[in-house]
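1. Test case, fold it:
(chains A and B)
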Amino acid sequence: MEYRKIIEKLEEAALHPSKTVTNTIKSTGKSAIGCFPIYTPEEIIYAAGYVPVGMWGGTTTLQLADKYLQSFCCSIMRSNMEYGMKGAYNMLEAVILPTFCDTLKCICENWKVGVPNIPIIPIVYPQNRTLECGYVYMLDEFKRVKVEIERLSGKKIEEKDIEAAFDIYEEYRVTMREFVEIVADYPQIIKTKSRHLIIKAGQFLDKGEYTKDIKAIIDGLKVEEKQTFKGTKIIATGLMSEPVELLEIFDENQIAIVGDDLAQESRQWRTVTRDDEVDVWNKMTSRVADQRGDTFFYEYMKSRGENLIDMVKEKSADGIVVFMMKFCDPEEYDYPIYKKEVEAAGIPMLYLEIDQQITSYEQLRTRIQSFSEMLISREA
Amino acid sequence: MEQKILTSKELLNDLVDKHYEGALRAKAEGKPVVWATSICPQELLETMDLVTVYPENHAAAIGAKKEALKFIEHAEGMGYSSDICSYARVNMGYVDLKHSDELNIPMPDLIFCCSNICNTVIKWYENLAKELNIPLIMFDMPFNHTYEVPEHSVKYMRGQIEYAIEQLEIFTNKKFDYDKFGEVMERSNRTCEWWKKATDWAKVIPSPLNGFDMFNYMAMIVCMRGNADGERLFKLWHDELEQKAKLGKGPWNSADEEYRVMWDGIACWPHLSTTFKTLKKYGINMVTSTYPESWNVRYEKNDLDGMARAYASNYANRNLDYDTENVVKLIQDFKLDGIVYHSNRSCKLMDFRQYEVQRRVTEITSCPSVVFDGDQTDPRSFSAAQYETRIQALLEMMEKNKEAKRRG
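-> As a prediction, the model looks like this:
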């Protein structure tokens, strides 16, 4: 398939998660397990013969979730609860949920009663992941989850299965790193909205198949001529850059995302797996231990601001856009710290407060426009 | 010379002054100061003779003294969202302003954080260490989605205790004294026991304890569990309550206890008086909350695994089955007529489980309850009118039950 057609296919897949997941189940002949944000050991799920699929909320009318959650709860989690209660996730065999924040802990408990037909497998990621005891705890958690998934499937996961699954995921991660690099060189071909949708599609497809598509896109792009980009370039940070209507405003203003620090995107794959780990469990665990500048992992002297500044320099970006998901505590705590560092470095930054149920974009449009104008005038 | 015999309230006030003055003096003398979370393994700090203050206590005091808004608005100006914990906003504002007209604490040299109360403190304290460029000791206590604390969690926490000891040795440049540690453990357990026994006197009808007093004593169970003053205070408080109970005295001199309720969640510090008086006006005594158990941190001396398990077993770190059981037990033990649930805008961990706990508890016990909107320190998130309406609704339900009981 011509690479532009693949792009269209993936965009379409990302815009209709429910349909895409149903198709994936049909085409692979596998059952699906839903993965709550932020990280889950998808390799274990994959090794057990399931397709792991992402659960990043969505735009929906919130009614049922109010039984459990007050209005000041993160909209991704409210949407997930709503979808679960509505039956929109009934195609899932189970869900896996990491307790990264206080809200996720509560969702874990509420899910057990609110969506009793879909079993939940909780996983706790250690915050002291660089200490030996935290490292061992992570290993133990991964192995506990393995047993829970085996119980669900009634089938033992062999070492070779997990190794094969890890290889598929590793290839996915390496490919995605290359993809976000190359996309930065072709902002005219892959615009901001498209970039996001292509990446997001991976949440609902079999990673083995999806990686092939991404490779084809990369190959397709490589033969294209690089053109001078007249717009502005930014680094995106936050949980996710949705709703997509927001990205349409970026495209209208010729703003390209040339690098990201988004939980739904590069934070998933930017940490390079250690070469010296032979055992697959240690590879998975060390990836957690090595993750830096990530709001969901404790890090003494937080390096997020520094990382953002480095990304801006490396990509010759014009500024940073903060996609602040309203009511996301961890992200909200990080902001004042990196804001200070980014400002001290003289880098322009736009703060956008978002949630998944935004209905009016006018105010955001004005702010994005003015930011873009400001960046252009700085360049001039 | 004859020494005046202090009441526990006088002793409490003296100790509060001593605590803050002592910390400020220590800082002035060049001694290091630690900032720590409210239910952290303070035994380690006490063993090392480290002067420790608790930002949550400080923020609560600032809130009660009606000075919180100044710091909250300052923190919001620094970029802190108005949706995050107001204790954190007060504290981050204080870190920048460095002065309160009501109550000052010394700036820290070491941060000591324990996530058994929430993950929020991880982010808050991480920011403190970064802003102040000082060392941080982090205790990560994994959330217990199972009823019991899992063994691999205990192992992880024990490892962290051992690592914290190493970090403290480096920080203080002295060896950790394990004999003293054992003594501190013993004393901490005794103090916690006195705290629990004192608050348990509220089981008597009428309760000799006015639950809002418990909120005041709570500051000391946070910061004095491991020292002789704390033990003395809670023993004295216990003895007074025992005596009152034996004399059949209720919570107040000016009114009788008509109804007994539990308060779920943190107090509304800036509106302490309004929340208290509204209840008292209707003869409603808050006799308990989840707090007596929160600081009933008990384990065997020198048992590090037991210590880890005890700290990780805090109510906020447990699953809904435990939370429900806990409240049901309080209803039975304290013969409650109702529950007041504080939907505390600051505390997502408590809020997002509250509706389900309320439903289950109602189903099991039929105990009437109401939810009101408030905040622990942000005075803007509370409406006295809504609070009063909710309390009146609770009163009606409780009265109906009483009437039914009277009629048999």
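2. OK, contacts around A:Asp140?
-> Neighbour list for A:Asp140: B:His152, B:Lys155 [criterion: Cβ atoms under 8 Å, 6 or more residues apart in numbering or on different chains]. C-beta coordinates here come from the backbone N, C-alpha and C atoms, glycine included.
3. The spatially most central residue of chain A sits in which helix or strand?
-> Chain A has A:Gln264 as the residue nearest its centroid, 1.2 Å off, counting by Cα atoms, centre = their mean. A:Gln264 belongs to no helix or strand when assigned by DSSP states H and E.
4. separation between the spatially closest residue to it that is not a sequence neighbour and A:Tyr298?
-> Among residues not flanking A:Gln264 along the chain, A:Met240 sits closest, at 4.0 Å (Cβ to Cβ, 6 or more residues apart in numbering or on different chains). According to Cβ to Cβ, to the nearest Å, A:Met240 and A:Tyr298 sit 22 Å apart.
5. Sticking with the residue nearest to A:Gln264, tell me its helix or strand.
-> Going by DSSP H and E, A:Met240 is not in any helix or strand.
6. Near B:Asp83, how many residues? Count them for me, please.
-> A count of nearby residues for B:Asp83, using other Cβ atoms under 10 Å in any protein chain shown, gives 18.
7. you'd agree it is up against A:Lys326?
-> Yes: applying Cβ atoms under 8 Å as the test, B:Asp83 and A:Lys326 come out as touching, 7.1 Å apart.
8. quick one: low-confidence parts of chain B?
-> Across chain B, the ranges flagged by pLDDT under 70 are B:1-3.
9. Name the residue of it with the shortest distance to chain A.
-> Using Cβ to the nearest Cβ, the closest approach of chain B to chain A is made by B:Gly159 at 2.4 Å.
10. Which helix or which strand is home to that residue?
-> helix B:151-172.
11. what element comes up after that helix heading to the C-terminus?
-> Counting by DSSP H and E, the next helix or strand C-terminal to helix B:151-172 is helix B:178-200.
12. so where do the helices sit in the stretch 51-200 of chain A?
-> A:75-86, A:102-114, A:132-153, A:159-183, A:192-201 (DSSP state H, counting those that start in this stretch).
13. List of residues touching the fourth one?
-> When contacts are taken as Cβ under 8 Å, 6+ apart, the neighbours of helix A:159-183 outside the stretch itself are A:42-44, A:46-48, A:146, A:190, A:195, A:198-199, A:202, A:207-208, A:210-211, A:214-215, A:217-218, A:221-222, A:259-260, A:265-266, A:268-270, A:273, A:280-281, A:283-284.
14. That helix: how far from the chain's middle?
-> 15 Å (Cα atoms, centre = their mean, to the nearest Å).
15. likewise the last one?
-> Mean-position distance between helix A:192-201 and its chain equals 11 Å (Cα atoms, centre = their mean).
16. immediately after that helix, which helix or strand?
-> Per DSSP H and E, helix A:192-201 leads on to helix A:207-222 as the next helix or strand towards the C-terminus.
17. name the helices or strands packed onto whichever helix or strand comes after that next one?
-> As assigned by DSSP H and E, the chain's next helix or strand after helix A:207-222 is strand A:232-238. Here strand A:232-238 touches strand A:255-262, helix A:304-314, strand A:319-325, helix A:362-379, going by 3 or more Cβ pairs under 8 Å, 6 or more residues apart in numbering or on different chains; DSSP states H and E.
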